[in-house]
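1. heads up, no residue letters with this:
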């Protein structure tokens with residue numbers, strides 16, 4: 001089953017940097033290749049501990065990368 005899907009645009013994505021902008025005097029810049037995720041499914045269910053598979057597709061080149069992620073609580 002697909003747990004979550006989202007589109008990432010590195011040029012316009014601010015993610016969690018808003019926390020730094022609101023509460024820190026030290027300006028931060030996050031890498032464009034990272035995307036914050038609250039570890040909830042598209043159905044707003046929190047994921048359980050386990051091994052998950054992921055795939056990432058570069059929409060510009062069509063290249064797909066796959067891997068594994070472990071969630072430990």
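-> Received the coordinates, thanks. All values reported here derive from a predicted model rather than from experimental measurement. Residues are numbered from 1 along each chain as shown.
2. after the lowest-mean-pLDDT helix or strand in the chain comes which helix or strand?
-> The least trusted helix or strand in the chain, going by mean pLDDT, DSSP states H and E, turns out to be helix 17-23, with a mean of 68. The C-terminal neighbour of helix 17-23 among helices and strands, as given by DSSP states H and E, is strand 50-57.
3. so what are the sheet partners of that following strand and their directions?
-> Based on DSSP bridges, the strands next to strand 50-57 in the sheet, each with its direction, are strand 64-71 (antiparallel).
4. buried sites along the partner strand?
-> By neighbour count, and taking 16 or more other CB atoms under 10 Å as the criterion, strand 64-71 has no buried residues at all. Just so you know, the C-beta spots here come from the backbone N, C-alpha and C atoms, and that holds for glycine as well.
5. contacts for that strand, please.
-> In this structure, residues lying in contact with strand 64-71 by CB atoms under 8 Å, 6 or more residues apart in numbering are 39, 47-58.
6. so where's this protein uncertain?
-> Along the chain, the model assigns pLDDT under 70 to residues 8-20, 27-36.
7. count of neighbours near residue 3?
-> When neighbours are defined as other CB atoms under 10 Å, residue 3 has 15 of them.
8. can you classify it as helix, strand or coil?
-> On the three-state scheme (DSSP: H, G, I helix; E, B strand; the rest coil), residue 3 is labelled coil.
9. need phi/psi at it.
-> Taking degrees, to the nearest 10, you get phi -80, psi -50 for the backbone angles of residue 3.
10. who are the contact partners of it?
-> The neighbours of residue 3, taking CB under 8 Å, 6+ apart as the test, are 41-42, 47, 52.
11. just put those in CSV and tack on distance to residue 71 and neighbour count.
-> Converted to CSV, the contacts of residue 3 look like this (distance: CB to CB, whole Å; neighbours: other CB atoms under 10 Å):
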residue, distance to residue 71, neighbour count
41, 12, 12
42, 16, 11
47, 6, 16
52, 7, 14
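12. ok, of the residues you listed, which one's closest to residue 5?
-> Each of these was checked against residue 5 using CB to CB; the closest is residue 42, at 6.7 Å.
13. for residue 21, see how far away the closest residue to that closest one other than its chain neighbours is.
-> Residue nearest to residue 42 in three dimensions, not counting chain neighbours: residue 4, with 5.4 Å by CB to CB, 6 or more residues apart in numbering. Counting by CB to CB, to the nearest Å, the gap from residue 4 to residue 21 is 25 Å.
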